[in-house]
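**Student:** sharing a model that was predicted from the sequence below.
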Amino acid sequence: MKFETKTIHAGVHADPSTGAIMTPIYQTSTYAQSAPGVHKGYEYSRTHNPTRTVLQDNLAALENAAWGLVFASGMAATDSVAKLLKPNDEVIASNDLYGGTYRIFTKMYQDFGIKFHFVDMSNPDNVASTINQNTKLIWAETPTNPLLRIVDLKTIAAIAKTHNIMLAVDNTFASPYLQNPLNLGADLVVHSATKYIGGHSDVVMGAICGNSAELFEKLSFIQNSCGGVSGPMDCFLAIRGIKTMHVRMDRHCSNAATIATFLTNHPKVDKVYYPGLVSHPGHEIAKQQMKGFGGMLSFELKDDSIQAAQQFLSSLKIFTLAESLGGVESLAGHPATMTHASIPKEEREKAGLRDSLIRLSIGIENVEDLKDDLTQALG
């Protein structure tokens, strides 16, 4: 099946007991057994739940994976990947990445004896030169959050395989519709399904997909043992959201491209970060590994004071000042004080994240209304 058909049909079947087209919400914690250990594949809902099974199978199909696992949040998914590591292991991660990922790496797992190296992955040589005998994981985001840098996944995957290192890719900004890291050589693809997968700002969820049977065994054990699972209602909402992902993403992409061009030509805007712009240093690689350039962009004002950024954000009327991204509504944020506040200012600036940076999640509203809102706020 093509992607658009898979969103609606892959892993999804009419309910055998009633014929219901929509996957039922199996709001149950446990299941009857006909004899000890004799059951219909379900014993306890932390371990398995029929609604969750459908979502996991659906996501696996979208990422061209052998399996999928869903978790209570994107951070629970990230945490599960980190639990594959042991003391003295080392990790190479993007230096421009989601603040929550930086926080869990440096404030949690660093204390457990795991060492992290944060490098600019837009240059693969930075990854190759950082590898040593203790390197066990490469963690990449592309496009990155919030500077929209592009990582050449084929090249990074080749480097990882040469050294027998696991490559995990946070694919949240792209969504499975625009990019499939497993096809490019990654071992694991991770999502904050809260974002484009759910798509309606009404569910918090994470996901991991992969092809390795060994990794599936380890991660499903972690999922069950540590219990960071998503409930059946959230799984139902994600299944519902996925059915329109391709339609939503097309509009997110077209609106974002229009807004990026508009901001590039605005006299009060200094720099726009969007991989769809020909001027973007990662534009050609993005064209090769992505179906579209996504709905996220960031920009800086010519007045680079934090006060100017705050005044702009407070003046918006259609864009909502809020954390998160990927919903049908347009959101605006200030990474330095919101999504990336957990990263020390010195580290943020070293990676190129200035206090004046503004991040936009472009929704699916009429693009002229979005331009009008930006015009009045910039004024």
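**Tutor:** Alright, I've got the coordinates. Residues are numbered from 1 along each chain as shown.
**Student:** tell me the secondary structure at Arg359.
**Tutor:** Secondary structure assignment for Arg359 (DSSP: H, G, I helix; E, B strand; the rest coil): strand.
**Student:** what is the least confident helix or strand in the protein?
**Tutor:** Least confident helix or strand of the chain, by mean pLDDT, DSSP states H and E, is helix 345-350 with a mean of 80.
**Student:** contacts for it, please.
**Tutor:** Helix 345-350 has contacts (C-beta atoms under 8 Å, 6 or more residues apart in numbering) with Asn95, Tyr102, Phe118, Pro335, Ala336, His340, Arg354, Asp355. In short, each C-beta sits where N, CA and C put it, glycine included.
**Student:** compare those and tell me which is most surrounded.
**Tutor:** Among these, the one with the most neighbours (other C-beta atoms under 10 Å) is His340, at 25 neighbours.
**Student:** what about the strands in the stretch 51-200 of the chain?
**Tutor:** 67-71, 90-94, 115-119, 135-141, 166-170, 188-192 (DSSP state E, counting those that start in this stretch).
**Student:** so how far is Gly206 from Thr78?
**Tutor:** With the distance defined as C-beta to C-beta, to the nearest Å, Thr78 ends up 7 Å from Gly206.
**Student:** so which of those two has more stuff around it?
**Tutor:** With neighbours defined as other C-beta under 10 Å, Thr78 and Gly206 compare such that Gly206 has more, 26 against 23.
**Student:** next, the buried residues of stretch 101-115.
**Tutor:** For stretch 101-115, the neighbour count (16 or more other C-beta atoms under 10 Å) marks Thr101, Tyr102, Ile104, Phe105, Thr106, Tyr109, Ile114, Lys115 as buried.
**Student:** between the two ends of it, how far is it?
**Tutor:** Stretch 101-115 has an end-to-end distance of 14 Å (criterion: C-alpha to C-alpha, to the nearest Å).
**Student:** run through who's touching it.
**Tutor:** Applying C-beta under 8 Å, 6+ apart, the contact partners of stretch 101-115 are 75, 78-79, 82, 85-91, 93, 116, 118, 134, 139, 141, 170, 340, 342-343, 347.
**Student:** any idea which helix or strand carries Ala257?
**Tutor:** helix 245-264 (DSSP states H and E).
**Student:** can you pull the buried residues of that helix?
**Tutor:** By neighbour count with 16+ other C-beta under 10 Å, helix 245-264 contains the buried residues 245-246, 248-260, 262-263.
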